[in-house]
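1. Quick one, structure for this:
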Amino acid sequence: MLTTTTRLPRTVVLCGAALLLATTACAEGHGKSPMELSEMIAESVRDSADTRMPGLGVAEAHFEPDGFSCDPAVDPEVPGLWRSHAPRETVMDEASVELGLIDADHERSGTVFATVTDPEGGTATAEAELASDEWTGLVYPDDFDAAPLRTGVYTVIWSDAAEGARITCDGFEVD
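-> Prediction:
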C-alpha cells in the first residue's frame, strides 16, 4: 500500500534522475542546430554524387561470400543481361585474381569501371572496354594499381563509365 511518505521519496528520486539526465545530455552539444546538420549532410551527399564516380552518394553494397551475393543487392541501372566473374573458391596464396563482365544479350559495349573495395575499406578502380560478344577481363590488383591481396572479403562493383550507373556487384574472399 502506497502512503504519502513512500510517494514523496519516489517523486524526489524520479525528479532527481530526470534533472541529472537533462543536464548531462545537454552539457556537451555540438553547437549545430538540426537544420544546420541536415544541410551539412545534404551538401556532402550532393558533392559526392556530383563526382560521377561509381558508388558515391549511394549506400555501398558489400559482398557476402557465403551466399555469393551483395548486400544490399545491386539492381542494374544499365539494361542488359549482366554476368560477372570472380573466384568462387577462397583465394589462397595467390598474387592476383581475374575478374570479368559480359552482357549475355550481346547488346552492350563501351567503357566500364570495376571498383574493388578491399577488406580495410580502401578502393581502387580500373577501366576496361566491354566487347558486345565476349568477356571483358581485369586482373586485381595488377590492373588497378592496388596493394597486394590481403586476407578478407573484397567487393567488386561494375559500372558504366559514361553515366556512372551501376551494372552489378560481385566479390571474392582471400585467406
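2. Would you indicate which residues of stretch 126-139 are buried?
-> For stretch 126-139, the neighbour count (16 or more other CB atoms under 10 Å) marks Ala126, Ala128, Leu130, Thr136, Leu138 as buried. Quick note: C-beta positions are derived from backbone N, CA and C, even for glycine.
3. wait, I meant stretch 167-175
-> For stretch 167-175, by 16+ other CB under 10 Å, it's Ile167, Thr168, Cys169, Asp170, Gly171, Phe172, Glu173, Val174.
4. CA-only coordinates of that stretch, as PDB, when you get a sec.
-> What follows is stretch 167-175 as a C-alpha-only set of coordinates in PDB (Å, rounded to 0.1, in the frame of the first residue of the first chain):
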ATOM      1  CA  ILE A 167      25.800  -2.600 -63.500                       C
ATOM      2  CA  THR A 168      26.400  -5.400 -61.000                       C
ATOM      3  CA  CYS A 169      28.100  -6.400 -57.800                       C
ATOM      4  CA  ASP A 170      30.400  -9.400 -57.200                       C
ATOM      5  CA  GLY A 171      33.400 -10.200 -55.000                       C
ATOM      6  CA  PHE A 172      35.800 -12.800 -53.600                       C
ATOM      7  CA  GLU A 173      37.500 -13.900 -50.400                       C
ATOM      8  CA  VAL A 174      41.200 -14.200 -49.700                       C
ATOM      9  CA  ASP A 175      42.500 -16.400 -46.900                       C
END
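5. contacting residues around that stretch?
-> Here stretch 167-175 makes contact (CB atoms under 8 Å, 6 or more residues apart in numbering) with 61-63, 65, 70, 73-74, 76-78, 80, 82, 84-88, 90-92, 94, 97, 99, 101, 112, 119, 149-160.
6. Please check those and keep the buried ones.
-> Here, 16+ other CB under 10 Å leaves 61, 63, 65, 70, 74, 76, 78, 80, 82, 84-87, 91, 97, 99, 101, 112, 149, 153-160 buried among the contacts of stretch 167-175.
7. So which of the buried residues of stretch 167-175 are in strands?
-> Ile167, Thr168, Cys169, Asp170, Gly171, Phe172, Glu173, Val174 (DSSP state E).
8. Next one: the third one from Pro76, what distance?
-> If I follow you right, that is Cys169. Look at Cys169 and Pro76: by CB to CB, to the nearest Å, they are 10 Å apart.
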